[in-house]
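when you get a sec, could you give me coordinates for this:
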Amino acid sequence: MRNFEIGNYFEDFNVGEIIFHSTSKTIFESDNNLFSLLTMNHHPLHINIEYAKKEKYGKILVVGTLVFSLVVGITVPDISSKAIANLEYDNIIHLSPVFINDTVYARTTILDCIPSTKNKQHGIVYVETFGYNQHKQDVIRFRRKILIKKRPV
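Below you'll find the model as predicted:
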């Protein structure tokens with residue numbers, strides 16, 4: 001019997017490929033509250049419904065770094081389970097607000113695959129990921145470079 005393997009090796013990625021990640025997550029009030037407390041983000045827009053009612057959207061907004069962390073996590077099984085390291089995150093752009101009870105999904109485009117010059121057993125995969133909600137509206141976009149193992153020979 002073969003052991004279950006999660007993730008992809010460097011050679012499994014193809015430039016231009018779009019991956020629609022199968023994992024998703026509904027963000028509950030408890031998720032937002034706990035994340036706000038853990039990260040010391042006590043802005044009332046994230047934790048005070050009466051304050052939020054008077055602001056632009058009239059309801060609590062989910063903390064942006066929670067949305068970012070969640071979307072990165074959604075991509076892990078397909079993108080970085082065989083990673084040695086996340087090398088860089090860039091161009092993190094919040095495109096639309098996320099609210100309590102929104103469900104977040106993700107899709108990733110492979111932008112580049114660069115063999116490592118330092119270690120022939122590794123490669124760098126450069127990706128762009130969009131997180132989107134249950135209405136198929138993009139809510140966040142970011143790029144990252146991941147150092148990933150090559151397939152053992």
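
in the helix ranked longest in the chain, what counts as buried?
With secondary structure taken from DSSP state H, the chain has its longest helix at helix 64-79. In terms of neighbour count (16 or more other Cβ atoms under 10 Å), helix 64-79 has its buried residues at 64, 66-68, 70-72, 74-75, 78-79. Heads up, the C-betas are built off the backbone N, CA and C, glycines and all.

swap in stretch 55-66?
Neighbour-count burial for stretch 55-66 flags 60-64, 66 (criterion: 16+ other Cβ under 10 Å).

next one: it to chain centre, how far?
Distance of stretch 55-66 from its chain centroid, counting by Cα atoms, centre = their mean, to the nearest Å, is 18 Å.

could you pull out the helices for the chain?
29-38, 44-47, 49-53, 64-79.

what bridges to the closest residue to residue 85 other than its chain neighbours?
Residue nearest to residue 85 in three dimensions, not counting chain neighbours: residue 147, with 4.7 Å by Cβ to Cβ, 6 or more residues apart in numbering. Assessed by DSSP bridges, residue 147 has beta-bridge partners residue 85, residue 124.

surely residue 147 touches residue 82?
No: look at residue 147 against residue 82 with Cβ atoms under 8 Å: they stay out of range, at 9.9 Å.

need the helices of the chain in a markdown table with distance to residue 141, can you?
Shown next, in a markdown table, are these (distance: least, Cβ to Cβ, whole Å):
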| stretch | distance to residue 141 |
| --- | --- |
| helix 29-38 | 20 |
| helix 44-47 | 21 |
| helix 49-53 | 25 |
| helix 64-79 | 9 |
